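Asks: Build the 3D model from these lines:
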Amino acid sequence: MPIHPTAIVDPAARIHPDADVGPYCVIGADVEIGARTRLMGHLFIEGPAWIGEDNLFFPYSTVGVASQDLKYRGERTETRIGSRNRIREFVTIHRGTAGGGGVTSLGDDNLIMAYAHIAHDARIGSHCILGNAATLAGHVAIGDWAIIEAFSGVHQFCRVGRHAFVGGYSVITQDVLPYSMTVTPRESKLFGANKVGLERRGFAAESIQALHKAFRLLCSASLNTSQALDRIRQEVPATAEVAELLEFIRSSERGIVK
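Replies: Down below sits the predicted model:
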């Protein structure tokens, strides 16, 4: 097991023999690190934390440290990170709280760019990108394949749907619809379907066109949300993506960005 002699590893940590722990890393008790995961150096990881295989952590990040939530009283909670993620410099990932389910989680194949912050009880899917200094408050949920560009902030308890694109410097205070492109010049605004991203991921032209029509109705100044949903059900082909969009809106607790 290649552990640099300057690293400090708690005897209760469980590190796979094929993992690589670089110089000046500090690994606490109840931390499990999977095969071929590499910590380049100066990482601080506090348990309970579970980290999968083939991850690459660049220097100066912290993982699993206590929540900044003032209600947190040191209860036992955890951080779970999947496989093949790239965590860049100065990223902060805080563990969960008892009031939020007790787990902060990150799926597989994500890119978390420098200075991004993932707060307590946040749940990030797979294949997501968080741009430089993107900030997720507590209890945020990010769907698979979502992209949140640099310096954007997502308010606590908000959701960002699958395949959504959030432009840089955005302030998200309501749920972002799946498959959408959302940017906030001054306030959050939905610009329609994430056409380029969906084409790159192989979505059928018919599915993209159906989403385009649904978003056009949602963005119409002459329709409120209830009216737009009625028109979508009547006029838009019932593809799987449109059904997911409608269910996302139905289950929203904070309202949606329009």
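Asks: Quick one: low-confidence residue ranges for the stretch 151-258 of the chain.
Replies: Within the stretch 151-258 of the chain, the set of residues satisfying pLDDT under 70 comprises 185-188, 221.
Asks: can you pull out the strands in it?
Replies: Taking DSSP state E, counting those that start in this stretch as the test, the strands found in the stretch 151-258 of the chain are 153-154, 159-160, 165-166, 171-172, 180-183, 189-193.
Asks: quick one: contacts for Leu218?
Replies: When the contact criterion is Cβ atoms under 8 Å, 6 or more residues apart in numbering, the partners of Leu218 are 177, 190, 225, 228, 232, 258. Where C-beta positions appear, they are placed from N, C-alpha and C, glycine not excepted.
Asks: picking up where we left off before, is it possible to get TSV of the strands of the stretch 151-258 of the chain that adds mean neighbour count?
Replies: What follows is the strands of the stretch 151-258 of the chain, written out as TSV (neighbours: other Cβ atoms under 10 Å):
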stretch	mean neighbour count
strand 153-154	23
strand 159-160	27
strand 165-166	26
strand 171-172	19
strand 180-183	23
strand 189-193	18
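Asks: Any chance of those strands in CSV with distance to Ala204 as columns?
Replies: Written out in CSV, the entries for the strands of the stretch 151-258 of the chain read as follows (distance: least, Cβ to Cβ, whole Å):
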stretch, distance to Ala204
strand 153-154, 29
strand 159-160, 23
strand 165-166, 19
strand 171-172, 28
strand 180-183, 18
strand 189-193, 13
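Asks: that older thread, which of the contacts of Leu218 lies at the shortest distance from Phe248?
Replies: Sorting those by distance to Phe248 puts Leu177 at the head of the list, at 6.2 Å, by Cβ to Cβ.
Asks: isn't that closest one right next to Arg250, touching?
Replies: No: taking contact to mean Cβ atoms under 8 Å, the distance of 11.9 Å between Leu177 and Arg250 leaves them out of contact.
Asks: Neighbour count for those two, which is higher?
Replies: The residue with the greater number of neighbours, taking Leu177 and Arg250 and applying other Cβ atoms under 10 Å, is Leu177; the counts read 29 against 8.
Asks: Now do the contacts for that one.
Replies: The contact partners of Leu177, taken as Cβ under 8 Å, 6+ apart, are 161, 164, 190, 215, 218, 245, 248-249, 256-257.
Asks: So, low pLDDT: which residues of the stretch 1-150 of the chain?
Replies: Applying pLDDT under 70 to the stretch 1-150 of the chain picks out residues 1.
Asks: burial of Glu253, as a residue count?
Replies: Using other Cβ under 10 Å: Glu253 sits among 9 other residues.
Asks: Check the spacing between it and His120 real quick.
Replies: To His120, Glu253 is 18 Å away according to Cβ to Cβ, to the nearest Å.
Asks: got it, and Asp144?
Replies: Taking Cβ to Cβ as the measure, Asp144 falls 21 Å from His120.
Asks: Give me the longest helix you can find in this structure.
Replies: As far as residue count goes, and with DSSP state H defining each element, the longest helix of the chain is helix 205-218.
Asks: got the CA positions of that one in CSV?
Replies: These are the backbone C-alpha positions of helix 205-218, laid out as CSV (Å, rounded to 0.1, in the frame of the first residue of the first chain):
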residue,chain,number,x,y,z
ALA,A,205,-34.9,14.3,-31.9
GLU,A,206,-38.5,13.6,-31.1
SER,A,207,-37.8,13.6,-27.4
ILE,A,208,-36.0,17.0,-27.6
GLN,A,209,-38.7,18.5,-29.7
ALA,A,210,-41.4,17.4,-27.2
LEU,A,211,-39.4,18.9,-24.3
HIS,A,212,-38.9,22.1,-26.4
LYS,A,213,-42.7,22.4,-26.8
ALA,A,214,-43.3,21.7,-23.1
PHE,A,215,-40.8,24.4,-22.0
ARG,A,216,-42.3,26.9,-24.5
LEU,A,217,-45.7,26.5,-22.8
LEU,A,218,-44.2,26.8,-19.3
